[in-house]
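[1] Below are the sequence and a predicted model for it; my questions follow.
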Amino acid sequence: MIHPLEILLPKDLKEALALIAGGNADTHIIAGGTDVVTGLGQGLNRFKNIKTLVDINKIESLKGIRSSDKFISIGAAETLTGILENPTVKKELPLLAKSCSTIGSVQIRNRATIAGNFVNNAPCADTVPVLLVYDARIVIESLNSKREIGLNEFLSAPYKTQLKKNEIVTSINIPVAPIKYAGDFYKLGRRRALAISRITLALLLTMNGKTINDIRIASGAVTPIGKRFYELEKSVIGKTADDSMLKQLSIDLGKSILDAAGLRWSSEYKLPVVQQVFYQMLNQIISGKGDK
Amino acid sequence: MITLNFKLNGKHVSIEAEPYIRLIDLLRDQFNLTGTKEGCGVGECGACTVLMNKRAVNSCLVLAGQINGSEIETIESLADGKLLHPLQRNFLEQGAVQCGYCTPGMILSSYALLDQNPNPSEEEITEAIAGNLCRCTGYKQIVDAVKATAKELNSNKK
(Lines give C-alpha, C1' and ligand atoms only; values in the text may rest on other atoms or scores of the structure.)
Protein backbone atom coordinates (compact mmCIF):
# COMPACT_ATOMS: atom_id res chain seq x y z
CA MET A 1 0.00 0.00 0.00
CA ILE A 2 1.16 3.47 -0.88
CA HIS A 3 0.68 6.04 1.88
CA PRO A 4 -1.57 9.06 1.19
CA LEU A 5 0.14 11.81 -0.77
CA GLU A 6 -0.74 14.46 -3.34
CA ILE A 7 0.44 14.56 -6.95
CA LEU A 8 1.00 17.89 -8.67
CA LEU A 9 1.18 18.16 -12.45
CA PRO A 10 2.99 21.34 -13.47
CA LYS A 11 2.57 22.30 -17.15
CA ASP A 12 5.93 23.98 -17.60
CA LEU A 13 9.36 24.00 -16.06
CA LYS A 14 8.93 27.34 -14.27
CA GLU A 15 5.82 26.05 -12.48
CA ALA A 16 7.64 22.86 -11.48
CA LEU A 17 10.67 24.77 -10.19
CA ALA A 18 8.39 27.09 -8.20
CA LEU A 19 6.76 24.05 -6.56
CA ILE A 20 10.12 22.76 -5.30
CA ALA A 21 11.72 26.17 -4.65
CA GLY A 22 11.38 25.72 -0.88
CA GLY A 23 13.57 22.63 -1.05
CA ASN A 24 11.17 20.67 1.16
CA ALA A 25 12.36 17.18 2.04
CA ASP A 26 8.76 15.90 1.80
CA THR A 27 8.49 16.80 -1.90
CA HIS A 28 9.85 14.48 -4.59
CA ILE A 29 9.98 14.60 -8.38
CA ILE A 30 8.31 11.74 -10.24
CA ALA A 31 8.60 11.03 -13.98
CA GLY A 32 8.28 7.42 -15.19
CA GLY A 33 7.75 6.21 -11.63
CA THR A 34 9.50 2.87 -12.17
CA ASP A 35 11.78 3.63 -9.21
CA VAL A 36 9.53 5.94 -7.14
CA VAL A 37 6.32 3.87 -7.28
CA THR A 38 8.08 0.58 -6.45
CA GLY A 39 9.91 2.36 -3.62
CA LEU A 40 6.68 3.85 -2.27
CA GLY A 41 4.92 0.49 -2.53
CA GLN A 42 7.68 -1.22 -0.58
CA GLY A 43 7.70 1.57 2.03
CA LEU A 44 11.41 2.26 1.52
CA ASN A 45 13.00 4.73 3.92
CA ARG A 46 13.95 7.22 1.23
CA PHE A 47 10.27 7.60 0.23
CA LYS A 48 8.63 7.19 3.66
CA ASN A 49 8.22 10.88 4.45
CA ILE A 50 7.10 12.07 1.04
CA LYS A 51 3.86 14.06 1.07
CA THR A 52 3.95 15.56 -2.42
CA LEU A 53 4.97 14.18 -5.78
CA VAL A 54 5.68 16.63 -8.58
CA ASP A 55 4.99 14.81 -11.86
CA ILE A 56 7.12 16.29 -14.66
CA ASN A 57 5.69 14.20 -17.51
CA LYS A 58 3.51 17.03 -18.86
CA ILE A 59 6.46 19.40 -19.32
CA GLU A 60 7.20 19.43 -23.05
CA SER A 61 10.59 21.16 -22.71
CA LEU A 62 11.90 18.18 -20.70
CA LYS A 63 11.09 15.77 -23.55
CA GLY A 64 12.64 15.17 -26.94
CA ILE A 65 16.11 14.99 -28.41
CA ARG A 66 17.68 18.00 -30.11
CA SER A 67 20.96 18.13 -31.93
CA SER A 68 23.28 20.91 -33.04
CA ASP A 69 26.81 20.71 -34.43
CA LYS A 70 28.17 20.89 -30.87
CA PHE A 71 25.75 18.86 -28.73
CA ILE A 72 23.11 16.20 -28.77
CA SER A 73 20.74 17.29 -26.03
CA ILE A 74 18.38 14.75 -24.49
CA GLY A 75 15.43 15.99 -22.45
CA ALA A 76 15.68 14.68 -18.88
CA ALA A 77 12.16 13.20 -18.95
CA GLU A 78 12.56 11.52 -22.33
CA THR A 79 11.66 7.83 -22.05
CA LEU A 80 14.15 5.07 -22.79
CA THR A 81 11.83 3.96 -25.63
CA GLY A 82 11.92 7.50 -27.04
CA ILE A 83 15.73 7.39 -26.97
CA LEU A 84 15.88 3.93 -28.53
CA GLU A 85 13.60 4.95 -31.40
CA ASN A 86 15.48 8.19 -32.13
CA PRO A 87 17.46 8.08 -35.41
CA THR A 88 20.14 10.53 -34.18
CA VAL A 89 20.82 8.35 -31.13
CA LYS A 90 21.00 5.22 -33.26
CA LYS A 91 23.52 6.85 -35.58
CA GLU A 92 25.60 9.04 -33.29
CA LEU A 93 25.27 7.37 -29.86
CA PRO A 94 25.01 3.62 -30.55
CA LEU A 95 26.29 2.68 -27.08
CA LEU A 96 23.49 4.69 -25.48
CA ALA A 97 20.93 2.90 -27.65
CA LYS A 98 22.48 -0.45 -26.68
CA SER A 99 22.47 0.32 -22.95
CA CYS A 100 18.85 1.59 -23.03
CA SER A 101 17.78 -1.58 -24.85
CA THR A 102 19.13 -3.72 -21.98
CA ILE A 103 17.11 -1.93 -19.29
CA GLY A 104 14.00 -3.59 -17.83
CA SER A 105 11.37 -4.60 -20.38
CA VAL A 106 9.28 -2.83 -23.02
CA GLN A 107 6.79 -1.85 -20.30
CA ILE A 108 9.56 -0.35 -18.14
CA ARG A 109 11.27 1.41 -21.05
CA ASN A 110 7.95 2.98 -22.12
CA ARG A 111 7.79 4.80 -18.76
CA ALA A 112 11.33 5.04 -17.37
CA THR A 113 13.27 8.21 -18.21
CA ILE A 114 16.94 8.86 -18.90
CA ALA A 115 17.50 11.20 -15.95
CA GLY A 116 15.56 8.80 -13.73
CA ASN A 117 18.16 6.18 -14.50
CA PHE A 118 20.95 8.11 -12.81
CA VAL A 119 19.46 10.78 -10.47
CA ASN A 120 19.39 8.36 -7.56
CA ASN A 121 22.97 7.25 -8.41
CA ALA A 122 22.37 3.55 -7.98
CA PRO A 123 25.60 1.78 -8.97
CA CYS A 124 23.76 -0.52 -11.38
CA ALA A 125 22.29 2.25 -13.60
CA ASP A 126 22.99 0.96 -17.11
CA THR A 127 23.20 4.28 -18.94
CA VAL A 128 25.86 5.65 -16.57
CA PRO A 129 29.05 4.02 -17.93
CA VAL A 130 27.91 4.87 -21.44
CA LEU A 131 27.11 8.50 -20.60
CA LEU A 132 30.51 8.69 -18.85
CA VAL A 133 32.45 7.62 -21.96
CA TYR A 134 30.39 10.06 -24.04
CA ASP A 135 31.50 12.84 -21.60
CA ALA A 136 27.84 13.69 -20.86
CA ARG A 137 27.10 17.05 -19.22
CA ILE A 138 24.14 17.38 -16.89
CA VAL A 139 22.05 20.57 -17.02
CA ILE A 140 20.51 21.43 -13.65
CA GLU A 141 18.01 24.21 -13.05
CA SER A 142 16.37 25.87 -10.08
CA LEU A 143 14.04 28.88 -10.08
CA ASN A 144 17.03 31.24 -9.92
CA SER A 145 19.92 29.31 -11.35
CA LYS A 146 21.10 27.12 -14.17
CA ARG A 147 24.33 25.13 -14.14
CA GLU A 148 25.95 22.44 -16.20
CA ILE A 149 28.37 19.86 -14.78
CA GLY A 150 29.98 16.67 -16.02
CA LEU A 151 28.20 13.44 -15.09
CA ASN A 152 31.35 12.19 -13.31
CA GLU A 153 31.14 15.24 -11.05
CA PHE A 154 27.34 14.98 -10.67
CA LEU A 155 27.61 11.42 -9.30
CA SER A 156 29.32 12.17 -6.02
CA ALA A 157 28.98 8.96 -3.94
CA PRO A 158 26.78 5.84 -3.95
CA TYR A 159 23.14 7.02 -3.94
CA LYS A 160 24.33 10.65 -3.67
CA THR A 161 24.54 13.36 -6.32
CA GLN A 162 25.17 17.11 -6.60
CA LEU A 163 21.43 17.71 -7.12
CA LYS A 164 19.82 19.95 -4.48
CA LYS A 165 16.22 19.60 -3.33
CA ASN A 166 15.20 22.79 -5.16
CA GLU A 167 16.71 21.67 -8.47
CA ILE A 168 15.66 19.54 -11.43
CA VAL A 169 17.89 17.85 -14.00
CA THR A 170 16.55 19.35 -17.22
CA SER A 171 18.72 17.84 -19.93
CA ILE A 172 21.73 15.71 -20.71
CA ASN A 173 24.12 17.29 -23.21
CA ILE A 174 26.46 15.01 -25.07
CA PRO A 175 29.25 16.76 -26.97
CA VAL A 176 29.53 15.72 -30.62
CA ALA A 177 32.97 14.17 -30.96
CA PRO A 178 35.16 15.78 -33.65
CA ILE A 179 36.51 12.35 -34.58
CA LYS A 180 34.70 9.07 -35.10
CA TYR A 181 34.97 6.63 -32.21
CA ALA A 182 34.23 2.92 -32.31
CA GLY A 183 33.01 1.29 -29.13
CA ASP A 184 30.87 -1.18 -27.28
CA PHE A 185 28.73 -1.62 -24.16
CA TYR A 186 28.66 -4.84 -22.16
CA LYS A 187 26.17 -5.87 -19.49
CA LEU A 188 26.18 -8.96 -17.34
CA GLY A 189 22.95 -9.72 -15.48
CA ARG A 190 21.39 -12.90 -14.17
CA ARG A 191 19.03 -12.98 -17.15
CA ARG A 192 18.49 -10.80 -20.18
CA ALA A 193 15.28 -8.95 -19.33
CA LEU A 194 14.62 -7.10 -16.07
CA ALA A 195 17.89 -8.12 -14.46
CA ILE A 196 19.82 -5.84 -12.14
CA SER A 197 23.27 -5.50 -13.69
CA ARG A 198 26.20 -7.19 -12.00
CA ILE A 199 28.83 -5.82 -14.34
CA THR A 200 28.63 -3.12 -17.00
CA LEU A 201 31.49 -1.82 -19.13
CA ALA A 202 31.57 0.92 -21.77
CA LEU A 203 34.45 1.54 -24.14
CA LEU A 204 35.12 4.10 -26.88
CA LEU A 205 38.24 4.03 -28.97
CA THR A 206 39.91 5.71 -31.95
CA MET A 207 43.05 4.37 -33.58
CA ASN A 208 45.80 6.04 -35.49
CA GLY A 209 47.11 3.19 -37.56
CA LYS A 210 48.20 0.68 -34.94
CA THR A 211 48.47 3.12 -32.06
CA ILE A 212 45.72 4.22 -29.71
CA ASN A 213 44.72 7.78 -30.56
CA ASP A 214 42.12 8.12 -27.78
CA ILE A 215 40.39 5.71 -25.43
CA ARG A 216 37.58 6.11 -22.90
CA ILE A 217 36.76 3.39 -20.38
CA ALA A 218 33.97 3.28 -17.77
CA SER A 219 32.38 0.68 -15.53
CA GLY A 220 29.13 0.37 -13.61
CA ALA A 221 27.58 -2.04 -11.07
CA VAL A 222 30.95 -3.64 -10.32
CA THR A 223 32.23 -0.32 -8.89
CA PRO A 224 30.46 1.54 -6.03
CA ILE A 225 29.40 4.23 -8.53
CA GLY A 226 29.78 4.49 -12.30
CA LYS A 227 33.44 5.30 -12.87
CA ARG A 228 35.69 6.61 -15.65
CA PHE A 229 39.28 5.34 -15.61
CA TYR A 230 41.07 8.52 -16.69
CA GLU A 231 44.55 7.50 -15.50
CA LEU A 232 44.37 4.13 -17.16
CA GLU A 233 43.22 5.82 -20.37
CA LYS A 234 46.14 8.28 -20.27
CA SER A 235 48.62 5.47 -19.70
CA VAL A 236 47.87 3.85 -23.07
CA ILE A 237 47.16 6.78 -25.40
CA GLY A 238 49.83 6.86 -28.11
CA LYS A 239 50.88 3.27 -27.47
CA THR A 240 50.89 0.47 -30.01
CA ALA A 241 47.85 -1.74 -29.56
CA ASP A 242 49.57 -5.13 -29.81
CA ASP A 243 48.29 -8.21 -28.03
CA SER A 244 50.56 -7.94 -24.99
CA MET A 245 49.55 -4.31 -24.45
CA LEU A 246 45.81 -5.12 -24.72
CA LYS A 247 46.23 -8.01 -22.27
CA GLN A 248 48.09 -5.74 -19.83
CA LEU A 249 45.41 -3.05 -20.17
CA SER A 250 42.69 -5.61 -19.39
CA ILE A 251 44.58 -6.86 -16.34
CA ASP A 252 45.13 -3.27 -15.18
CA LEU A 253 41.44 -2.42 -15.58
CA GLY A 254 40.60 -5.36 -13.32
CA LYS A 255 43.08 -4.07 -10.75
CA SER A 256 41.66 -0.53 -10.93
CA ILE A 257 38.15 -1.88 -10.41
CA LEU A 258 39.31 -3.90 -7.44
CA ASP A 259 40.93 -0.76 -6.00
CA ALA A 260 37.67 1.15 -6.37
CA ALA A 261 35.35 -1.58 -5.13
CA GLY A 262 37.46 -3.29 -2.50
CA LEU A 263 37.66 -7.07 -2.17
CA ARG A 264 34.19 -8.62 -2.07
CA TRP A 265 32.90 -12.17 -1.92
CA SER A 266 32.17 -11.91 -5.62
CA SER A 267 35.57 -10.53 -6.65
CA GLU A 268 36.98 -13.95 -7.39
CA TYR A 269 34.33 -14.46 -10.05
CA LYS A 270 33.85 -10.92 -11.29
CA LEU A 271 37.49 -9.94 -11.72
CA PRO A 272 38.40 -12.53 -14.39
CA VAL A 273 35.05 -11.86 -16.12
CA VAL A 274 35.81 -8.15 -16.34
CA GLN A 275 39.33 -8.79 -17.62
CA GLN A 276 38.30 -11.37 -20.22
CA VAL A 277 35.28 -9.44 -21.43
CA PHE A 278 37.23 -6.20 -21.69
CA TYR A 279 40.00 -7.95 -23.62
CA GLN A 280 37.41 -9.32 -26.06
CA MET A 281 35.78 -5.90 -26.43
CA LEU A 282 39.16 -4.31 -27.25
CA ASN A 283 39.94 -6.98 -29.82
CA GLN A 284 36.55 -6.79 -31.47
CA ILE A 285 36.63 -3.02 -31.74
CA ILE A 286 40.18 -2.91 -33.06
CA SER A 287 39.42 -5.61 -35.62
CA GLY A 288 36.42 -3.53 -36.73
CA LYS A 289 33.67 -5.79 -35.47
CA GLY A 290 32.41 -3.56 -32.63
CA ASP A 291 29.50 -1.09 -32.87
CA LYS A 292 30.64 1.94 -34.82
CA MET B 1 -9.99 12.83 -3.68
CA ILE B 2 -9.38 14.29 -7.09
CA THR B 3 -11.35 14.05 -10.32
CA LEU B 4 -9.70 12.03 -13.05
CA ASN B 5 -10.65 12.57 -16.67
CA PHE B 6 -9.22 10.12 -19.16
CA LYS B 7 -10.16 7.77 -21.97
CA LEU B 8 -10.79 4.17 -20.95
CA ASN B 9 -11.34 1.48 -23.57
CA GLY B 10 -12.44 4.06 -26.11
CA LYS B 11 -14.82 6.04 -23.87
CA HIS B 12 -14.24 9.28 -22.00
CA VAL B 13 -14.59 8.66 -18.28
CA SER B 14 -14.57 10.86 -15.21
CA ILE B 15 -14.12 9.44 -11.71
CA GLU B 16 -13.29 10.54 -8.19
CA ALA B 17 -10.25 8.78 -6.77
CA GLU B 18 -7.31 9.18 -4.44
CA PRO B 19 -4.29 10.27 -6.52
CA TYR B 20 -1.92 7.86 -4.76
CA ILE B 21 -3.69 4.62 -5.64
CA ARG B 22 -2.19 2.58 -8.46
CA LEU B 23 -3.74 2.40 -11.90
CA ILE B 24 -4.26 -1.36 -11.48
CA ASP B 25 -6.36 -0.76 -8.33
CA LEU B 26 -8.36 1.97 -10.04
CA LEU B 27 -9.15 -0.35 -12.95
CA ARG B 28 -10.00 -3.40 -10.86
CA ASP B 29 -11.74 -1.83 -7.86
CA GLN B 30 -13.48 1.21 -9.31
CA PHE B 31 -14.17 0.08 -12.88
CA ASN B 32 -14.52 -3.66 -12.18
CA LEU B 33 -12.10 -4.38 -15.02
CA THR B 34 -10.67 -7.48 -13.38
CA GLY B 35 -9.00 -8.80 -16.54
CA THR B 36 -5.95 -6.85 -15.46
CA LYS B 37 -4.09 -9.10 -13.01
CA GLU B 38 -1.63 -8.36 -10.24
CA GLY B 39 1.40 -10.61 -9.97
CA CYS B 40 4.53 -9.13 -8.46
CA GLY B 41 3.45 -5.51 -7.95
CA VAL B 42 6.96 -4.23 -8.74
CA GLY B 43 7.00 -4.19 -12.54
CA GLU B 44 8.74 -7.49 -13.16
CA CYS B 45 6.02 -9.97 -14.19
CA GLY B 46 3.85 -7.99 -16.62
CA ALA B 47 0.54 -9.55 -15.48
CA CYS B 48 -0.85 -6.04 -14.95
CA THR B 49 0.13 -4.77 -18.43
CA VAL B 50 -2.29 -2.26 -19.97
CA LEU B 51 -1.89 0.14 -22.87
CA MET B 52 -1.29 3.79 -22.04
CA ASN B 53 -1.38 5.98 -25.14
CA LYS B 54 -0.95 2.83 -27.28
CA ARG B 55 2.16 1.68 -25.37
CA ALA B 56 2.38 -1.30 -23.01
CA VAL B 57 2.98 -0.22 -19.40
CA ASN B 58 2.83 -1.92 -16.01
CA SER B 59 -0.34 -0.60 -14.35
CA CYS B 60 1.18 -1.38 -10.94
CA LEU B 61 3.79 1.36 -11.57
CA VAL B 62 1.45 4.15 -12.66
CA LEU B 63 -0.37 6.23 -10.06
CA ALA B 64 -3.96 7.36 -10.60
CA GLY B 65 -2.85 10.98 -10.21
CA GLN B 66 -0.66 10.62 -13.31
CA ILE B 67 -3.25 9.49 -15.84
CA ASN B 68 -5.32 12.63 -16.50
CA GLY B 69 -5.75 13.15 -20.24
CA SER B 70 -4.28 9.82 -21.26
CA GLU B 71 -5.78 6.92 -23.12
CA ILE B 72 -5.91 3.59 -21.27
CA GLU B 73 -6.86 0.28 -22.86
CA THR B 74 -7.33 -2.99 -20.99
CA ILE B 75 -7.84 -6.57 -22.16
CA GLU B 76 -11.63 -5.97 -22.00
CA SER B 77 -11.37 -3.63 -25.01
CA LEU B 78 -10.08 -6.24 -27.45
CA ALA B 79 -13.04 -8.50 -28.15
CA ASP B 80 -15.92 -7.16 -30.24
CA GLY B 81 -18.88 -8.41 -28.21
CA LYS B 82 -18.60 -12.19 -28.33
CA LEU B 83 -16.22 -12.08 -31.28
CA LEU B 84 -12.69 -12.57 -30.02
CA HIS B 85 -9.80 -10.50 -31.30
CA PRO B 86 -7.55 -12.61 -33.58
CA LEU B 87 -4.84 -12.54 -30.90
CA GLN B 88 -7.25 -13.97 -28.33
CA ARG B 89 -8.51 -16.62 -30.75
CA ASN B 90 -4.99 -17.63 -31.80
CA PHE B 91 -3.84 -17.82 -28.16
CA LEU B 92 -6.63 -20.36 -27.60
CA GLU B 93 -5.99 -22.28 -30.81
CA GLN B 94 -2.23 -22.54 -30.25
CA GLY B 95 -2.57 -23.67 -26.63
CA ALA B 96 -0.95 -20.46 -25.41
CA VAL B 97 -3.39 -20.22 -22.47
CA GLN B 98 -2.90 -22.66 -19.63
CA CYS B 99 -3.59 -21.23 -16.18
CA GLY B 100 -4.40 -17.95 -17.94
CA TYR B 101 -3.05 -15.54 -15.35
CA CYS B 102 -0.38 -14.04 -17.61
CA THR B 103 -2.63 -14.06 -20.68
CA PRO B 104 -4.20 -10.55 -20.51
CA GLY B 105 -0.77 -8.94 -20.13
CA MET B 106 0.79 -11.23 -22.69
CA ILE B 107 -1.92 -10.39 -25.24
CA LEU B 108 -1.68 -6.64 -24.63
CA SER B 109 2.12 -6.66 -25.03
CA SER B 110 1.65 -8.60 -28.28
CA TYR B 111 -1.11 -6.20 -29.36
CA ALA B 112 1.15 -3.18 -28.82
CA LEU B 113 3.91 -4.91 -30.79
CA LEU B 114 1.69 -5.72 -33.78
CA ASP B 115 0.30 -2.19 -33.68
CA GLN B 116 3.83 -0.81 -34.23
CA ASN B 117 5.36 -3.64 -36.18
CA PRO B 118 2.93 -5.79 -38.22
CA ASN B 119 5.71 -8.16 -39.33
CA PRO B 120 7.76 -8.96 -36.25
CA SER B 121 10.60 -11.48 -36.31
CA GLU B 122 10.70 -14.18 -33.63
CA GLU B 123 13.36 -12.16 -31.82
CA GLU B 124 11.19 -9.04 -31.89
CA ILE B 125 8.27 -11.04 -30.46
CA THR B 126 10.36 -12.46 -27.61
CA GLU B 127 11.74 -8.98 -26.88
CA ALA B 128 8.20 -7.53 -26.80
CA ILE B 129 7.04 -10.14 -24.27
CA ALA B 130 10.28 -10.29 -22.25
CA GLY B 131 8.50 -8.29 -19.54
CA ASN B 132 5.67 -10.85 -19.27
CA LEU B 133 6.37 -13.98 -17.26
CA CYS B 134 4.55 -17.24 -18.00
CA ARG B 135 5.21 -20.21 -15.75
CA CYS B 136 3.05 -22.70 -17.69
CA THR B 137 3.61 -22.70 -21.41
CA GLY B 138 7.34 -22.35 -21.90
CA TYR B 139 6.48 -19.45 -24.23
CA LYS B 140 6.64 -21.38 -27.51
CA GLN B 141 2.87 -21.53 -27.94
CA ILE B 142 2.63 -17.83 -27.14
CA VAL B 143 5.22 -16.89 -29.76
CA ASP B 144 3.43 -19.18 -32.25
CA ALA B 145 0.10 -17.46 -31.49
CA VAL B 146 1.60 -14.01 -32.11
CA LYS B 147 3.18 -15.21 -35.36
CA ALA B 148 -0.14 -16.74 -36.50
CA THR B 149 -1.95 -13.49 -35.70
CA ALA B 150 0.57 -11.37 -37.60
CA LYS B 151 0.17 -13.64 -40.61
CA GLU B 152 -3.61 -13.53 -40.37
CA LEU B 153 -3.83 -9.74 -39.98
CA ASN B 154 -1.44 -9.19 -42.86
CA SER B 155 -3.34 -11.51 -45.21
CA ASN B 156 -6.60 -9.73 -44.30
CA LYS B 157 -5.06 -6.45 -45.45
CA LYS B 158 -4.29 -7.78 -48.93
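    Yes, it's here.
[2] Tell me which residues touch the closest residue in space to A:K14 that isn't next to it in sequence, please.
    If the residues on either side of it in the chain are set aside, A:K14 comes closest to A:L143, at 7.6 Å by Cβ to Cβ, 6 or more residues apart in numbering or on different chains. Every C-beta, even on glycine, is put in place using the N, C-alpha and C of the backbone. A:L143 makes contact with A:14, A:17-18, A:21, A:166, according to Cβ atoms under 8 Å, 6 or more residues apart in numbering or on different chains.
[3] go on, A:I2?
    A:I2 neighbours (Cβ under 8 Å, 6+ apart): A:37, A:40-41, B:20-22, B:63.
[4] OK, contacts around the residue nearest the centre of chain A?
    Central residue of chain A (Cα atoms, centre = their mean): A:V128, 1.9 Å from the mean position. Contacts for A:V128 (Cβ under 8 Å, 6+ apart) come out as A:117-118, A:151, A:155, A:200, A:218, A:220, A:225-226.
[5] For the longest helix anywhere in chain B, name the packing helices and strands.
    Counting residues, the longest helix in chain B under DSSP state H turns out to be helix B:140-157. Identification of packing neighbours for helix B:140-157 by 3 or more Cβ pairs under 8 Å, 6 or more residues apart in numbering or on different chains; DSSP states H and E yields helix B:86-93, helix B:103-116, helix B:122-128.
[6] To B:K151, which of the ones you listed lies closest?
    helix B:86-93 (9.4 Å; Cβ to Cβ).
[7] Can you tell me what sits against that closest one?
    B:78-79, B:84, B:96-97, B:103, B:106-107, B:110-111, B:114, B:142, B:145-146, B:148-149, B:152-153.
[8] Can you select the buried ones among those for me in ChimeraX?
    Selection of buried members from these for ChimeraX, criterion 16 or more other Cβ atoms under 10 Å in any protein chain shown:
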select /B:78,96,97,103,106,107,110,111,114,142,145,146,148,149
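[9] Relative to chain A, which residue of chain B is the closest?
    B:G131 (2.4 Å; Cβ to the nearest Cβ).
[10] Roughly how far does the residue lying closest to that residue once chain neighbours are set aside sit from A:I83?
    Among residues not flanking B:G131 along the chain, A:S105 sits closest, at 2.4 Å (Cβ to Cβ, 6+ apart). Distance of A:S105 to A:I83, computed by Cβ to Cβ, to the nearest Å: 16 Å.
[11] B:Y20 too?
    Counting by Cβ to Cβ, the gap from B:Y20 to A:I83 is 29 Å.
[12] now B:I125
    For B:I125 relative to A:I83 (Cβ to Cβ), the value is 22 Å.
[13] Name all residues that make contact with the residue nearest to the spatial centre of chain B.
    Centroid-nearest residue in chain B: B:L108, 2.7 Å away (criterion: Cα atoms, centre = their mean). By Cβ under 8 Å, 6+ apart, the contact list for B:L108 reads B:49-51, B:56, B:73-75.
[14] Repeat that for A:D242.
    So A:D242 contacts A:K210 (Cβ under 8 Å, 6+ apart).
[15] Check it and give its pLDDT.
    If you check A:D242, the pLDDT there is 94.
[16] now the one 4 residues further on
    What the model reports for A:L246 is a pLDDT of 96.
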